[in-house]
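Colleague: Sharing a model prediction with you, sequence too.
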Amino acid sequence: MKNILIAALLLAPAAASAQGFDLNSVSAGAVASYSELAGAPALPEASKDGLKDWTVMVFMNAKNNLDDSLLYGISGKWAQKDIKEMQKVGTTGKVNVLLEYGMSGQGSKRVRVEKDGETLFSADPAGDMGDYKRVIDFVKWAKTEYPAKRYMLVLWNHGIGWIDPVIKNYADGSVPVSKGILFDDETKNYVRTRQLGEILRQAGYVDVFVQNACLQQMAEIGYEVKDGAGLMVGSEETMLAYGYDYTKLLNFLNASPGASLEQVSDFFINWEKDFFAHGAPIIGPINIPLSAIAATMSAVRPQALGDLPPYLDAFAKAAMKNNETEAVKYAIENAVRFSSLDPKNDKKKHIAPYVDLYDFAKTFSMVCGFETAQAAERLMKFIRTKVVVGNVGLNKDAVNGYDYTKVGGIAIGMTMKAKPLPPGLGNLYETKYGDLSLSKASQWDEFVAWADKAWLK
């Protein structure tokens, strides 16, 4: 485990603007043209009934290296960058923009974002931004003080998927101590996978749940929050620290306050395409080409994941009953997979614990028997038609030959490629895989255990 250094850079939401805007008819390239509308002098009028259309709640934890870190050799104050993007639009007659943010050494603040500024409501010098109860309190406060027709919650930080790491100060770097969903470097606290579900259970339903973090678009995570959100937006892969473009996101919501969840999905997908097509900005008009970086973005229906276990079980049972050991080995070796490790420490993704579920089932079906192949096809169809609203995979992992255009939009835990696994790997996990809600509701954890044995023989 000596080289397990979690390298999860991130992103966040994006947007557009124009009255009568039909997102479904807009190309990826056209999304960029809406970015300048934040400077328009006229703000949208308030809804006639006095209730605004959206309340956007951003819980931003930058009490870590996202406060100030290097990317491509350039210093990036990533939280400050995104806050400035929000302030280009701010709260309007149609959209409330509420922000709770923590910076290194500065505690936390709760504010309403205004055009070119903010209104402070509270400050906590010792605020623990890794406490899930603080997120619950923030959302409840926002809903009470700024009720709206619809709600969007954004969790902004690093992410490592379903894995809840044991947080200790290992001097040899053998255990990650600087990453996790909503990880607070100062308190050494973070939000665990099952606590994500608890946030929405206690704070109440949100129409759009965005995880502005790496690797969080997983079936295990979606199953935890399935009853608390209408749409879940995120990435199966690591994300660049630039984050989503909040100016575009807020312009889009103001221009199309009645946008359907499908249109919201389309916006995020088109923004991702446009961002990668134009490259990451450095200084002024100079951009870094992103054609060599593999990326994903998807939007899924969490509630549909409630029906996922029977499809997983049918596939898993057929595979194990028919002893499809060669098929599982082939899929473990070849299906697109994702890792939180710094590429320089694991170029071949031997310690990459997640696969794209759709591509895994498809790859498996290429070499398995008829019964298992049919179960795999039913699983793939369910993902394609019921779970995933919008999805894009960009570029290729040249080292491993993974074609990210094949991804289906939702990842899942699977056997790692390493033989043998690094000593002490199990000591990394605070939460056991079998204790996750999806594991309890399905036989996927048993299938992974079976796959482990088949792979290591």
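Modeller: Received the coordinates, thanks. Residues are numbered from 1 along each chain as shown.
Colleague: now the strands for the stretch 51-200 of the chain?
Modeller: Ranges of strands within the stretch 51-200 of the chain are 52-62, 69-71, 74-76, 95-103, 107-114, 117-124, 148-156, based on DSSP state E, counting those that start in this stretch.
Colleague: my bad, should have said the stretch 251-400 of the chain
Modeller: 280-283, 286-288, 295-300, 337-338, 354-356, 388-394, 396-397.
Colleague: To residue 58, which of these lies closest?
Modeller: Nearest to residue 58 among the strands of the stretch 251-400 of the chain is strand 295-300; the distance by Cβ to Cβ comes to 17.7 Å. Quick note: C-beta positions are derived from backbone N, CA and C, even for glycine.
Colleague: ok so, going back, now the strands of the stretch 251-400 of the chain in JSON lines, with distance to residue 253 and mean neighbour count?
Modeller: Conversion of the strands of the stretch 251-400 of the chain to JSON lines gives the following (distance: least, Cβ to Cβ, whole Å; neighbours: other Cβ atoms under 10 Å):
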{"stretch": "strand 280-283", "distance to residue 253": "23", "mean neighbour count": "13"}
{"stretch": "strand 286-288", "distance to residue 253": "26", "mean neighbour count": "12"}
{"stretch": "strand 295-300", "distance to residue 253": "15", "mean neighbour count": "26"}
{"stretch": "strand 337-338", "distance to residue 253": "29", "mean neighbour count": "26"}
{"stretch": "strand 354-356", "distance to residue 253": "30", "mean neighbour count": "28"}
{"stretch": "strand 388-394", "distance to residue 253": "17", "mean neighbour count": "22"}
{"stretch": "strand 396-397", "distance to residue 253": "33", "mean neighbour count": "19"}
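Colleague: Could you identify the helix or strand that succeeds the one helix or strand residue 221 maps to?
Modeller: With elements taken from DSSP states H and E, the one containing residue 221 is helix 219-224. Note on helix 219-224: by DSSP H and E, the next helix or strand toward the C-terminus is strand 229-234.
Colleague: For residue 98, find the nearest of the strands of the stretch 251-400 of the chain.
Modeller: Closest among the strands of the stretch 251-400 of the chain, using Cβ to Cβ: strand 295-300, at 22.1 Å.
Colleague: Residues touching the closest one, excluding its own?
Modeller: 217, 222, 231-237, 239-240, 261, 264-265, 268-269, 271-272, 276, 356, 387-395, 404, 407, 409-410 (Cβ atoms under 8 Å, 6 or more residues apart in numbering).
Colleague: can you do 7 Å?
Modeller: For strand 295-300, the surrounding residues in contact (Cβ atoms under 7 Å, 6 or more residues apart in numbering) are 217, 222, 231-233, 235-237, 265, 268-269, 272, 276, 387-395, 404, 407, 409-410.
Colleague: partners of it in the sheet?
Modeller: strand 229-234 (antiparallel), strand 388-394 (antiparallel) (DSSP bridges).
Colleague: now the ones you listed as CSV including mean pLDDT?
Modeller: Converted to CSV, the strands paired with strand 295-300 look like this (pLDDT from 0 to 100):
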stretch, mean pLDDT
strand 229-234, 98
strand 388-394, 98
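Colleague: Dump those strands into TSV; add distance to residue 99 as well.
Modeller: What follows is the strands paired with strand 295-300, written out as TSV (distance: least, Cβ to Cβ, whole Å):
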stretch	distance to residue 99
strand 229-234	18
strand 388-394	26
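Colleague: Closest to the centroid, which residue in this protein?
Modeller: Nearest residue to the geometric centre of the chain (Cα atoms, centre = their mean): residue 234, 3.1 Å.
Colleague: Can you verify my assumption that that one contacts residue 217?
Modeller: Yes - between residue 234 and residue 217 a contact is recorded at 3.9 Å, counting by Cβ atoms under 7 Å.
Colleague: What's the mean pLDDT across the helix holding residue 221?
Modeller: Mean pLDDT, helix 219-224: 98.
Colleague: How about stretch 185-197?
Modeller: Averaged across stretch 185-197, the pLDDT comes to 94.
Colleague: going forward, begin numbering at 54 instead of 1
Modeller: Will do, 54 is the new start, and the previous item becomes stretch 238-250.
Colleague: how far does it stretch from start to finish?
Modeller: With Cα to Cα, to the nearest Å as the measure, stretch 238-250 spans 23 Å from end to end.
Colleague: re the thing from before, mind putting the strands of the stretch 304-453 of the chain into TSV with distance to residue 495?
Modeller: As requested, the strands of the stretch 304-453 of the chain are exported to TSV (distance: least, Cβ to Cβ, whole Å):
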stretch	distance to residue 495
strand 333-336	38
strand 339-341	41
strand 348-353	17
strand 390-391	20
strand 407-409	16
strand 441-447	18
strand 449-450	28
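Colleague: do you know which of those strands lies nearest residue 482?
Modeller: The nearest among those, by Cβ to Cβ, is strand 407-409 at 13.9 Å.
Colleague: Can you spell out which helices and strands pack onto the closest one?
Modeller: Under the contact definition 3 or more Cβ pairs under 7 Å, 6 or more residues apart in numbering; DSSP states H and E, strand 407-409 sits against strand 390-391, strand 464-466.
Colleague: Can you get me a residue count around residue 104?
Modeller: Using other Cβ atoms under 10 Å, residue 104 is surrounded by 12 other residues.
Colleague: err, residue 259, not the other one
Modeller: 24.
Colleague: Equivalent analysis for the one 5 residues further on, please.
Modeller: The criterion is other Cβ under 10 Å. On that basis, residue 264 has 28 neighbouring residues.
Colleague: What pLDDT is listed against it?
Modeller: Reported pLDDT for residue 264: 96.
Colleague: got it, and residue 215?
Modeller: 95.
Colleague: Which residues are in contact with it?
Modeller: Contact analysis of residue 215 by Cβ under 7 Å, 6+ apart lists 246, 271, 273-274, 466, 489.
Colleague: Relative to residue 504, which of those residues is nearest.
Modeller: So of the contacts of residue 215, ranked by how close each gets to residue 504 (Cβ to Cβ), first place is residue 466, at 10.4 Å.
Colleague: in the lengthiest helix in the chain, what counts as buried?
Modeller: In the chain, with assignment by DSSP state H, the single longest helix is helix 314-331. By 16 or more other Cβ atoms under 10 Å, the buried positions in helix 314-331 come out as 314, 316-329.
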